[in-house]
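**Student:** The sequence and its predicted three-dimensional model are supplied below.
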Amino acid sequence: MTDQNAPDTGGCALSVEGVSVSFGGRRVVDNVALSVRDGEVLTLVGPSGCGKSTLTRLIAGLTAHEAGRVLLGGRDVSGVPVEERRIGVVFQEPALFGHLRVADNVGFGVRGLSRTERAARVAEMLDVVGLAGFERRHPHELSGGEQQRVALARTLAPRPGVILLDEPFANLDEVLREGLRREVAGILRASGTAAVLVTHDRSEALSLGDTVAVMREGRIVQCGTPAQVYGEPVDRFVASFMDDAAFVPAPGGGHLVARPHHIGLQHGGADRIERTEFLGARTRHAVRRADGSVVVAEVDGPGSFRIGDHCTVSVDASHLHRID
Amino acid sequence: MVRATTTPGPRRGAPGRRAGRLVAWVVTAGSALLVVAPVAVIAVSILDPTPSLWADLWRTRLPGMIADTLTLLVTVVVGAAVLGTSLAWLVTAHDFPGRRLIGWLLVVPLTVPGYVAGFVWLDTASAVIGPRGARSIWLCAAVLIVTLYPYVYLFARAAFRAQGADLRDEARVLGLSRVAAFARVALPAARPAIAAGGALVTMEVLTDVGTVRLFNVSTVADGVLRVWFGTGSRQAAAELATTLVATALALVVIERILRRGARYSRRASGRPMTPVRLTGVRALAATAGPSVVVAVAAGVPLVRLGAWGVEARRAGATATVAGGVWHHLGATLAVAGLAVAVCLGVGSGLVLFARRHGALGRVMVRASALGYAMPGPVVAVGAVIVLAALDRTDLVPGPVVLVGSLVGLVFALGVRFLAVAVNGIESGLDQMPASAVASARTLGARPIRIAWSVELPSVRPALVAAAALLTIDVVKELPITLLLRPFGFDTLAVWVWQATSESLWAQAAVPSLAMIAVGSAAVGALLVALERGAEVVS
Amino acid sequence: MPNNGSLMRKVHFPPSRLVFSAIVALSGGLVASCGTGSGANPEQVTVYTGRHYGIEAVFDEFTEDTGIEVRFTTGSDPELRERLVAEGANTPADVVITADAANIELAASAGLLAALDSDTLRGAIPEELRSEKNEWFALSRRLRVIMHSTERVSEPPRSYADLGGSAWSKRLCLRPSTHPYTQSLVASLILNQGAEKAESIVEGWVANEPLYINSDTDILKAISAGDCDVAITNTYYLARLLDEDPATPVAISWPEQPTTGAHLNVSTGAVLASAPNPGGARRLLEWLATKGQKTFSDANFEYPADPSVAPADLIVGFGEHTADLAAVRQLGRLNQDAVALLSRVGHE
C-alpha cells in the first residue's frame, strides 16, 4: 500500500513493489509500487504514453521488469511465466479466438473440470455478462460490445486472482461504452475479484475505481479514493488532469485548486465568455480573464451567458484544496 | 505496441519444461541446419575461389549471361507486375460479365509448367515466324510473363480487396477521377503486395533453367549448369550459384523491407469495395481482355497439348514403362502430399519457434528459405551431397539409404520450397492481433497449446493457401525429382522430361495435361482459402 | 484442430518435435517400403542410365533371359555422375550406362568404376571402344554426321570444316554447346586437327550464324521444314524419322571419309567400384555386349559396338562409311578443352 490514506481492510490480492522497466534506455515504468485488495477495483489513469499499459503487461507477466517484485496473494511471481500467474487480462481489442465458438472461447482458460462442470461454468459466466444462450455463436456474429463482454467472461471464467483491464472500452462507441462501463463495474464487484482497470479517461477512472492511481511519466503520482484524487490532488498535474482547474495563489505561498463549481460568474466586468459547453443540468464556460488567463466556471442549467458576454469571475477560497 | 510473443518475461520453469525447451531448441535448430545444409555445401565453395575460371568466364560467356539474365529479369518482372496488377484491379474494382469465372481462370496459367508452356509456344511460334525468330529472349520473356503473372495477380488482388471501399471513396471525394484514384491511392497502397508478388517472380526467373534453355537464352542459372556439367567443376559452378543466391538474397531483403511497411498500411475498413458496373463496349472489353490473357497463357497450351494427346493416343503412346497416367499421377500426388505436409509442418514449427525466440529464431527462418533462391538442379545436387554424407554416418541405420528414397526426395523438395510455406504462415500470423496470443497466455495456455489451439487454427486459410501453392510448385518441379526419385517412382514431370528430352512432344501431352489438372484443383483450393481471408501467401 | 489441445496437454512436446517424430516415423515406413536398401540381391541389378530411349525393352529381355531383375533410374549423364560421386561407397547402383563417352571417362577418372577382366567383353568390344584399364565398354556406336536437305542441297559438305564455308551462311543448324554431343565432337576435332585448326573450324560455323536447336530431332525437322539446309546430328535421329516417314527429305553426308572418319561417340556401360552386386552387374554388361547387342542397338537404330553384329536394316541403307574409332578414348580427356573452345568462339 503506497497510499497512506486507504485503510488496509482486506487480503492483499496484488501488490507491486518498486518495479521498473526500460525500453531502449528510457524508463517507461519507474520504481512503481501499488497494491489492490480482494474485491477492490483500482483504476490506473494517466495520459497516453505514461507507462500504464506497460505496467499492466508487467503485472501480467507479458513484459519483464528489471527491478522490484510483483506479489499475487502474497506470493512473489516475478519469475513466474504468464501462463502460471492466474491473472486475467482484458485487452483493448477483444482478441477473441475467431475459429472458436463463444462457449469454447469462454471455456479456453478453464482447467481441471469435467466437461459438464466446464459447460456449467461457461453458462454461468455468459449469464453474468448478459449473454446467456450465446454459446454456439461465432465471434464474428457478435457486435463490438458483445465481443468485449465475451472477452470479459473468458477472463473471469478461470477465476483469476486478479483481473487487469487495459482500456477495454476504448474501441466502443460512446453509448455502448457508458452502458458497458456500468455493467462491468457491477460484474467485477459481483465476482469479488480484485481488478486493475487502465484508462486514459478521467471520468471512467473516477466512476469505476474504488481507488484511483494517477500515473505520469512512469511514476504513480497519486493514489487514493476518487474523491481524494479529484478533490485533493497532490500537484498541478493531477489537479488539471482529473478535471478543469484554476490555480489561485494562496496566502502564505502555494496555490489553491479551484474546480469549475467553485467559481462563480456574474454579468458585467472585464472578463469575457470565450466558449460554452452545455452539459444538460449544468453549463461550463471558459472565461478569458482581463490578464489573458483562462478559467472554467460552471453554472446551473443552461445559464444566461452567451459567447462574448462581459462577466466577472469570483472564487470562494475558504474550502479550496491547497497544493505547493 | 510491444509484441507479446517476443517478451516472454523472466522464467524459472520446472526442470521438465526446461528440458522440453531444450528439445525444442535442438530440434528446431537441427531442422533449420538440415534445410540449410544443401545450400551451404554449395555456398561454402566461395571461400576458396577459382580465379582462373572467373577470368575465363569474364572473357567469354559471363557478360552475355549477366546481360541476358538482367534483360529477362527486368522484362519479366515488369511485364508480370503490369499484367498482374492491372488484371487484379480490373477484377476487384469492376463488374462485368464473367467476372467471377475470369477471376479464377486468371490463376490457372500458374499451373502450366514453364517448360511445357515453353515448348508449346516454341513449336507454335516456330510455325508462324520460323524457328530462328521463335528462339528469342523476347518470346522466352513473354512465356515467363504469362506463366508467372498470377503471383502478382494474387497478391495485388488480395491487397486491393483489403483496401476496401473507404480508401477509394475518400480519394474520389477529394476530387480524383477513377483512374487517378487508382494511380495515386490504390496502386501506391498496394505497392508492397505487388513487390512481394514481384519477388516471387524474380526468384522463379533467376532460378529457371527449363524454359530459358528451350529458347537458347543463356542466363546465370543456365551458366551454373553449363559450367558444372560442361567442365565437371562443382567448385566453379558453386561459385556462380552463390552469386545467384546473393542476388536473390538482396532481393528478399528488399521485399522484407517493403512488406514491413505493408503491415501497417493494410488496416482498412471492413466494407468491401463496390465494384463499378461496366456496360456496353467497356464491359465487352473488360471481359475480352482477361479472356485473351487466359487464352494465351492457358488456352493455347491446353489446345496444343490436347491435340498432341490425341496424336499420342492414336500412336498408343499414352503410358511409359512405369505405367499409365494413373501410376504417374499417383506418384505425383504422393510426393506432393508428403512434401506439402513436411513443408507446412517444419515451416509452422520454425515460424512459431522464431516468434518465441527473437533474433536467432528469425535468422533460422530466413536461412531456411535460401533453397528457394537456388536453381533446382543445384539444390538437387546439394541435397544428394548432404543425404549421401548422412548415409555414411551412424546417424542413419545401416540398411537405410536416404539418397534415392522418398524421404530423400521429400527432404530435397522441402529444401527448395520451404520458403513458400514459411512466408505463407508468417503473413497469416502477422494478421492476427498480438493480443490474441497474449490473451491465451494469461488464460494459462502454454506455448505449445497456444500454437495448436490458437495460432495454427487462426492461420488455417493461410495454411491452405500455402499448401495449394506448394502443390503447384512440387507438381511442376523437375530437376530434384529426376535426380532423387526412388526407383520406378516416376512422377508426371519425369514423364514429361522423358518424352521431351527425346523431342517426343506429343508423348508429353498426357502428363502435362494431368499436371495442369492437379494444379487447377489446387488453384481452386487456393481461391477458396483466399475468399476466407487468407493473407496471400508465400 | 482444437481437439488436439487436450491431447497436447498431456504430452508436452513442442510442435517441432512432434513434426520431427512424425517425419521419422513416416520415413521409416517409406524407406522400407521403397526398398532402397543397398543389401545385395543376387537376383537384381541396379542401373543408373543416361541412355533411356527404348532401354526398358532391353532390360526386359535380359530378365527373361537370365532371371535377373533390373531396377533402373534415368537421368542426364552429368547429374547421375554427381549422384554417384556423392553416394560413393554407399551407392545402390551396380551398373552405369551413359549416352556418351566423355561422361564415363570423367566417372572413371573419379575412381567410380571397377576394372573388369572379362574375356567375353574383350572379345566383343574392339579395343578402341573400351577404356585402357577395361573400366568401361562401348555398347553401341553413335555417329555424329552432316545432314542435308535432299531438296535444296545437291553438293553437301564433306567435312566438318566445310560447314564453315560461306555457302552455308544462315543455312546451318547446330546443337548448343551445353550438350555433350557437341562437346565430344569438338573434342575430336581438337584431337584430329589440333587446337588451332579446331578453333578456326568452330569459328567458321559460328560465323555462319547457325540456328541453335537443343534437339537433334528438331534440327532434322527444321531441315524438312526448310528452316535450315545443313546440320550436324547423330544418325539414329534420322533413322527414327525415316522409320516414321520414309519420305523425310533429309540425307546423310558422311564426313571426313578419306581421312579420320565420321565423329564416333558411344553409349557405354560400366560396373561401379562399389557395386553391391558386382556379379550381376558383370552379367548384365556381358549380356549387353553379346546377346543383347542387337536389341540394345536396334532399339534406337544405333550401330552395334561389336562390328560382327549386323546393324538394323534401315541404317544399313545409310551406306558404307569409316568411323573415327581412334578418338573415342580421348573424348573425356579433351572435354574441358572443348568446352573452353566453344565458349571462346561464342558457340551458343
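**Tutor:** Happy to help now that I have it.
**Student:** For chain B, which residue gets nearest to chain A?
**Tutor:** Residue of chain B nearest chain A, by CB to the nearest CB: residue B:443 (3.0 Å). Every residue, glycine included, has its C-beta placed from N, CA and C.
**Student:** Need the pLDDT of that residue.
**Tutor:** pLDDT recorded at residue B:443 is 87.
**Student:** list the contacts for it?
**Tutor:** Contacts for residue B:443 were tallied using CB atoms under 8 Å, 6 or more residues apart in numbering or on different chains; they are A:83, A:88, A:108-109, A:154-155, A:158.
**Student:** before we move on, what about residue A:82?
**Tutor:** Residues in contact with residue A:82 (CB under 8 Å, 6+ apart) are A:60-62, B:9, B:438, B:441-442.
**Student:** quick revisit: closest to residue C:87 out of the contacts of residue B:443?
**Tutor:** Of all the contacts of residue B:443, residue A:83 has the smallest distance to residue C:87: 48.5 Å, by CB to CB.
**Student:** Wait, the closest one touches residue B:445, no?
**Tutor:** Yes - applying CB atoms under 8 Å, one finds residue A:83 in contact with residue B:445, separated by 5.9 Å.
**Student:** more neighbours, these two?
**Tutor:** Neighbours of residue A:83 and residue B:445, each counted by other CB atoms under 10 Å in any protein chain shown, are more numerous for residue B:445; the result is 24 against 19.
**Student:** Is it correct that the more buried one is in contact with residue B:451?
**Tutor:** No - contact criterion CB under 8 Å: residue B:445 and residue B:451 do not qualify, at 9.4 Å.
**Student:** and residue A:61, how many residues sit next to it?
**Tutor:** Residue A:61 has 29 nearby residues by other CB under 10 Å.
**Student:** Now look at the top helix by length along chain A and say if it contacts chain B.
**Tutor:** Across chain A, the longest stretch assigned as helix under DSSP state H is helix A:174-191. No - with CB under 8 Å from any CB of the partner chain as the measure, helix A:174-191 is seen stopping short of chain B, the closest distance being 16.0 Å.
**Student:** of the contacts of residue B:443, closest to chain B?
**Tutor:** Ranked by distance to chain B (CB to the nearest CB), these are led by residue A:109 at 3.0 Å.
**Student:** what does the model give residue B:400 for pLDDT?
**Tutor:** 65.
**Student:** What strand or helix carries residue A:17?
**Tutor:** Using DSSP states H and E, residue A:17 falls within strand A:12-23.
**Student:** Could you grab the helix/strand/coil label for the closest residue to residue A:289 other than its chain neighbours?
**Tutor:** Here the nearest residue to residue A:289 in space, its sequence neighbours aside, is residue A:271; by CB to CB, 6 or more residues apart in numbering or on different chains that works out to 4.9 Å. Following DSSP: H, G, I helix; E, B strand; the rest coil, residue A:271 is assigned to strand.
**Student:** quick one, what contacts residue A:271?
**Tutor:** By CB under 8 Å, 6+ apart, the contact set of residue A:271 is A:287-290, A:310-313.
**Student:** Need the nearest residue in space to residue 138, chain neighbours excluded.
**Tutor:** Picking chain A for this. residue A:101 (6.0 Å).
**Student:** should've been chain B
**Tutor:** Using CB to CB, 6+ apart, the closest residue to residue B:138 is residue B:75 (7.5 Å).
**Student:** looking at it, that neighbour is touching residue B:141, isn't it?
**Tutor:** Yes - if you go by CB under 8 Å, residue B:75 and residue B:141 touch, sitting 4.2 Å apart.
**Student:** What are the phi and psi values at residue C:146?
**Tutor:** Dihedral pair for residue C:146: phi -90, psi 130, per degrees, to the nearest 10.
**Student:** Next one: residue A:261 from residue A:233, what distance?
**Tutor:** From residue A:261 across to residue A:233, the span is 15 Å (CB to CB, to the nearest Å).
**Student:** And these two? Which one has more around it.
**Tutor:** Between residue A:261 and residue A:233, counted using other CB under 10 Å, the more crowded position is residue A:233 (24 against 14).
**Student:** in which helix or strand would I find that one?
**Tutor:** With DSSP H and E as criterion, residue A:233 is part of no helix or strand.
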